[in-house]
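Enquirer: No sequence on hand, only this structure:
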């Protein structure tokens, strides 16, 4: 028995890490000013953020192409593996529901296992990397699933934004919250709940304070940091991601810190200047 982990591109796993782990990534579509692109195929992150301010309207995202998803599942099955498909949170996207529907149309539905990540960006990516390690040594799917779900339960997602404008425009937070944030010039700290939804968590007055707040929260919550690889993701703010990593290392002994860039799918909703932190509690 062997398993192959498959994710969609909203997991923001760096290509080299996905390749070395043997994880398959299905590109997700992003529509910009009426034209649809595939993330990582004909739309690259650096171009996306460089041109973001010039888009006529906020980019739109949707679930993976149904035929493409089916083809990826069937390819894994044809290679003799069972599919472990981990997808973007059902609280943020209909991808999981679609994946479950598609799994039933494959040549071996009982060998396609769909998991709701209940997360996004590189926190979801870290979950997938942990899942890949789990399935390598699992004696059965039941054993692997239990361990993956336990990891999912412990995964923490917290992040700060340069502005609430894009989340408000995309309907991810209320207009009143966006108005107050803009009026007071606060820097919000948000989190993804255990149900996979985005909710406000705290607010501070400056960007530097927001970075410190992320570390404060992690320091209070994290379990066994010395055993953990910490994830950081950012949208066109690498210097601040490095600053966040430095602050973590000064205050906590961790196994390692991996930095990833937020891709075009998640970035369509958060915009440039997003800084996210992922760890287990």
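Expert: Perfect, I can see it now. All values reported here derive from a predicted model rather than from experimental measurement.
Enquirer: Below-threshold pLDDT in the stretch 1-150 of the chain: ranges please.
Expert: Counting by pLDDT under 70, not a single residue of the stretch 1-150 of the chain qualifies.
Enquirer: Wait, a strand at residue 106?
Expert: No. Residue 106 sits outside any strand when classified using DSSP: H, G, I helix; E, B strand; the rest coil, being coil.
Enquirer: If you tally nearby residues, what's the number for it?
Expert: By the criterion of other C-beta atoms under 10 Å, residue 106 has 17 neighbours. C-beta coordinates here come from the backbone N, C-alpha and C atoms, glycine included.
Enquirer: residues of stretch 232-243 that come out buried?
Expert: For stretch 232-243, a neighbour-count test (16 or more other C-beta atoms under 10 Å) marks 232, 233, 234, 235, 236, 237, 240, 241 as buried.
Enquirer: ah, wrong one, I meant stretch 100-108
Expert: Applying 16+ other C-beta under 10 Å to stretch 100-108 flags 100, 102, 103, 106 as buried.
Enquirer: Who are the contact partners of the closest residue in space to residue 233 that isn't next to it in sequence?
Expert: Of all residues not flanking residue 233 in the chain, residue 122 sits nearest, at 4.1 Å (C-beta to C-beta, 6 or more residues apart in numbering). Applying C-beta atoms under 8 Å, 6 or more residues apart in numbering, we find residue 122 in contact with 11, 12, 13, 231, 232, 233, 258, 260, 262, 276, 278.
Enquirer: Redo these as a markdown table? Include distance to residue 94 and secondary structure.
Expert: Converted to a markdown table, those look like this (distance: C-beta to C-beta, whole Å; DSSP: H, G, I helix; E, B strand; the rest coil):
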| residue | distance to residue 94 | secondary structure |
| --- | --- | --- |
| 11 | 17 | helix |
| 12 | 19 | coil |
| 13 | 21 | coil |
| 231 | 25 | strand |
| 232 | 28 | strand |
| 233 | 23 | strand |
| 258 | 29 | strand |
| 260 | 24 | strand |
| 262 | 21 | coil |
| 276 | 22 | strand |
| 278 | 23 | strand |
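Enquirer: Closest one of those residues to residue 87?
Expert: residue 11 (8.6 Å; C-beta to C-beta).
Enquirer: Tell me how many other residues crowd residue 145.
Expert: Neighbours of residue 145 (other C-beta under 10 Å): 17.
Enquirer: Can you tell me the closest non-neighbouring residue to it?
Expert: Residue nearest to residue 145 in three dimensions, not counting chain neighbours: residue 113, with 6.8 Å by C-beta to C-beta, 6+ apart.
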